[in-house]
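S.K.: build me a model:
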Amino acid sequence: MAGHEPTIHNTFNVVRYLCAAQRAGVVKAELDTALANAKAWFRREIRRRQPKRVLDLAYAIRLAVQLDLCRDRHVNRLAAQLCRQRSRILAPGADLYAETEIAAIAVLESSRHLDSLADVQPCWTWRWELPVLPPPFLCRTAYLYELLYGLFRARWWIRTVDFLVESAIVDRSAGLLLGTVAALGVVDDSVISAMTNLGTGVRGITTVVLIAAGATLWLTIKSCAYSSVLRAARASVSSLVAGVLLTWIVLTPAPLFPSIVVLVALRWLVIDIVAHTVDASGLLDRMLPR
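M.R.: Numbering: from 1, shown residues only. Model (predicted):
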């Protein structure tokens, strides 16, 4: 760009356009000098100032593919450096375009280019360290799943981890565990004592109505998050089961209505709110070191 210092991503766009024009027969021999100059500039640039950001690394690899420089050891080093940042590229806070998408395209283009060559030296070792069936680049899940994908290369294992990702069993189990612990603290002995002595009078009915109103309000909020009342209710079943089991384990004999109903509802509310918050905030990902 006139008046500005040349950049790798701008040079890539120009070189890609010129190569496409050359393949289409729009221009021919007069491009050889320009592409040779671009190749010499690119080699000097990556030796003088190695790219650091994910976006710059990705465009450097894409430019190397256009200039047929994938055999260069400096380019190989850049590709390995990009793949070492996979946890950052797949992080929930990653830039969907500047990091996730462009990095995925760079790895895809370079791999296809290397597969098309007959005399590739065994230097791109990072390609063989990736799983046989790697997780999708847009998989925004906890870092734990990335570790699981890398344990084995067998197809059955990859499918098993895919199922864990889709069902989010680990995330939901962690949420239920934290919710159950919170319910034990919130619904303590004093609350249990008060709830078991409600009776069926005005005090008991009022308590049931208030708990029902709180549960309705929470399901309304959750329905907005899930965009469906049915999906919100289905997602609360595991919390309800945990609340019932917890009440059955720790509760002394008491009337079914309203004491047990109120205690189960209270524990379900605490567990479900905590579990949903854990799942929505990606707390499991923050709990595990990278």
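S.K.: wait, residue 278 sits on residue 173?
M.R.: No: taking contacts as CB atoms under 8 Å, residue 278 lies outside contact range of residue 173: 10.1 Å. C-beta coordinates here come from the backbone N, C-alpha and C atoms, glycine included.
S.K.: more neighbours: which of the two?
M.R.: residue 278 (20 against 13; other CB atoms under 10 Å).
S.K.: ok, residue 186 - contacts?
M.R.: If a contact means CB atoms under 8 Å, 6 or more residues apart in numbering, then residue 186 has 266, 270 as its contacts.
S.K.: could I get the full set of helices for the stretch 51-200 of the chain?
M.R.: For the stretch 51-200 of the chain, the helices defined by DSSP state H, counting those that start in this stretch occupy 54-66, 73-83, 86-89, 102-116, 126-129, 143-149, 155-167, 169-186, 189-195.
S.K.: turn these into CSV, including mean pLDDT.
M.R.: Below are those laid out as CSV (pLDDT from 0 to 100):
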stretch, mean pLDDT
helix 54-66, 93
helix 73-83, 86
helix 86-89, 75
helix 102-116, 87
helix 126-129, 60
helix 143-149, 72
helix 155-167, 81
helix 169-186, 86
helix 189-195, 82
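S.K.: out of these, deepest packed?
M.R.: helix 54-66 (a mean of 24; mean count of other CB atoms under 10 Å).
S.K.: give me the contacts around that one.
M.R.: 8-9, 11-12, 15-16, 19, 42, 46, 51, 70, 72, 75, 78-79, 81-82, 85, 88-89, 95, 98-99, 102-103, 105-107, 109-110, 113.
S.K.: hang on, the earlier thing: for residue 233, which of the helices of the stretch 51-200 of the chain is the nearest?
M.R.: Nearest of the helices of the stretch 51-200 of the chain to residue 233, taken as CB to CB: helix 169-186 at 15.2 Å.
S.K.: got the CA coordinates for that closest one in CSV?
M.R.: What follows is helix 169-186 as a C-alpha-only set of coordinates in CSV (Å, rounded to 0.1, in the frame of the first residue of the first chain):
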residue,chain,number,x,y,z
ILE,A,169,-21.9,-34.5,30.3
VAL,A,170,-18.7,-33.4,32.1
ASP,A,171,-19.8,-29.8,32.2
ARG,A,172,-23.3,-30.7,33.5
SER,A,173,-21.9,-33.1,36.1
ALA,A,174,-19.6,-30.4,37.4
GLY,A,175,-22.5,-28.0,37.6
LEU,A,176,-24.7,-30.5,39.4
LEU,A,177,-21.9,-31.2,41.9
LEU,A,178,-21.4,-27.6,42.7
GLY,A,179,-25.1,-27.0,42.9
THR,A,180,-25.6,-30.0,45.3
VAL,A,181,-22.8,-28.6,47.5
ALA,A,182,-24.5,-25.2,47.5
ALA,A,183,-27.9,-26.7,48.3
LEU,A,184,-26.4,-28.5,51.3
GLY,A,185,-25.2,-25.1,52.6
VAL,A,186,-28.3,-23.0,51.8
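S.K.: how far off centre is that helix?
M.R.: Centroid separation for helix 169-186 versus its chain: 21 Å, with CA atoms, centre = their mean, to the nearest Å.
S.K.: can you tell me which helix in this protein is longest?
M.R.: As assigned by DSSP state H, the longest helix anywhere in the chain is helix 202-226.
S.K.: now for that helix, which elements pack on it?
M.R.: In terms of contacts (3 or more CB pairs under 8 Å, 6 or more residues apart in numbering; DSSP states H and E), helix 202-226 is packed against helix 229-235, helix 261-281.
S.K.: can I get the ones you listed in JSON lines including distance to residue 63?
M.R.: Putting the helices and strands packed on helix 202-226 into JSON lines (distance: least, CB to CB, whole Å) gives the following:
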{"stretch": "helix 229-235", "distance to residue 63": "45"}
{"stretch": "helix 261-281", "distance to residue 63": "39"}
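S.K.: so of these, which one's packed in deepest?
M.R.: Greatest average neighbour count among the helices and strands packed on helix 202-226 goes to helix 261-281 (a mean of 21), per mean count of other CB under 10 Å.
S.K.: return the set of buried residues in stretch 201-210.
M.R.: Applying a neighbour-count criterion of 16 or more other CB atoms under 10 Å, one finds 204, 207, 208 buried in stretch 201-210.
S.K.: good, we can wrap up now.
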